[in-house]
Structures are given as C-alpha cells and as structure tokens.
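Q: How does the following fold in three dimensions:
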Amino acid sequence: MLFVSLAGILEVRACPHGRGVFALRGFAAGEPLRSFHDVVLTTSPASPPWRRWAMIVGRTADGKHLFWDEEPEGSSDYWSNFLDHGDTPNVRFQIDLTGRTARLVATRAIDAGDELLLNYREYDSDNWAPS
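A: Here you go, the predicted model:
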C-alpha cells in the first residue's frame with residue numbers, strides 16, 4: 001500500500017518494520033516539515049495499548065500520562081501515525097502542550113528517500129520503543 005501525503009513531500013510506504021514515513025525531497029537541519037494545530041491531548045488515548053500509536057508527551061498535575069492521541073483515519077495528518085522510532089532520529093516534535101500545537105522539525109539533513117525517525121523516549125521514558 002502506498003499513501004502519498006503533503007503534496008509530494010512525504011509518503012507512507014512499506015518498510016522492514018511495517019510502514020514508515022519517507023521524505024520525497026531533501027530537508028535541511030532545522031527545517032520545519034509540518035505544523036500541527038489543535039493536537040488532541042488526553043489521559044485515555046483511543047489507540048489500544050498494543051497499537052502504541054499514542055505517544056506520551058507529558059504528565060498531568062496529578063502524575064498521569066498525557067498522550068498525544070493518534071490521528072484518525074481520513075485526517076490530513078493520518079500519515080503521522082507511521083513515524084517510527086530510531087535511536088538516531090532525524091526529526092523531532094517541538095510540542096507546546098499549553099497551546100496544543102507541535103512542529104515536526106528536521107534535526108539533521110534528510111535526503112529524499114530517507115525514512116523519518118523519532119526517538120520516542122525523548123518525550124517520555126515510558127514510551128514504548130523497539131529494543
């Protein structure tokens with residue numbers, strides 16, 4: 001299955017660990033790839049635990065995990081559910097929990113064809129990440 005998103009900038013395609021997000025053009029270090037508004041933050045994500053698509057991005061005042069919930073199928077940002085973990089990431093989210101916004105930014109140069117990788121544990125040590 002091939003799912004092209006963001007007008008030829010990124011695509012979701014098969015990779016050794018299922019599906020991943022790949023760059024269709026190069027990006028410079030520090031370059032923003034996408035901004036997200038009205039990010040859904042919740043203590044009870046829609047994603048069941050075995051899917052692990054909701055990412056822990058903080059804690060509530062009483063210490064509960066605060067998740068950035070998955071994007072629903074049909075959303076223009078559904079592709080973001082397929083950003084995979086990497087110990088040497090090339091993108092990161094700059095998240096504003098109060099404003100419920102985020103920006104996906106290149107942390108180093110990305111070539112066309114590279115898979116976009118986040119370090120899930122950068123946001124919370126309890127995030128699941130493959131070993």
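Q: contacts, neighbours, all on C-alpha from now
A: Noted.
Q: Specify the residue positioned farthest from the middle of the protein.
A: With distances taken from the mean C-alpha point of the chain and given as Cα atoms, centre = their mean, the most distant residue is residue 62, at 25.5 Å.
Q: For this protein, which segments count as helices?
A: Counting by DSSP state H, the chain yields no residue ranges for helices.
Q: for the protein, what helix or strand is lowest in average pLDDT?
A: For the chain, scoring each helix and strand by mean pLDDT, DSSP states H and E identifies strand 3-5 as the least confident one, at a mean of 55.
Q: List the backbone torsions phi and psi for residue 61.
A: Dihedral angles phi and psi of residue 61 (degrees, to the nearest 10) take the values phi -60, psi -30.
Q: burial measure for it, as a count.
A: Residue 61 sits with 8 neighbouring residues when counted by other Cα atoms under 10 Å.
Q: pretty sure residue 108 contacts residue 90?
A: Yes - Residue 108 lies in contact with residue 90 (Cα atoms under 8 Å); the separation is 5.5 Å.
Q: neighbour count winner among these two?
A: Neighbour count, other Cα under 10 Å: between residue 108 and residue 90, residue 90 has more, with 19 against 14.
Q: From residue 84, how far off is that one?
A: Going from residue 90 to residue 84 by Cα to Cα, to the nearest Å gives 11 Å.
Q: can you list residues touching both of those two?
A: Taking Cα atoms under 8 Å, 6 or more residues apart in numbering as the contact criterion, the residues that touch both residue 90 and residue 84 are 116, 117, 118.
Q: Surely the first one touches residue 88?
A: No - the pair residue 116 and residue 88 fails to qualify as a contact (Cα under 8 Å) at a distance of 10.5 Å.
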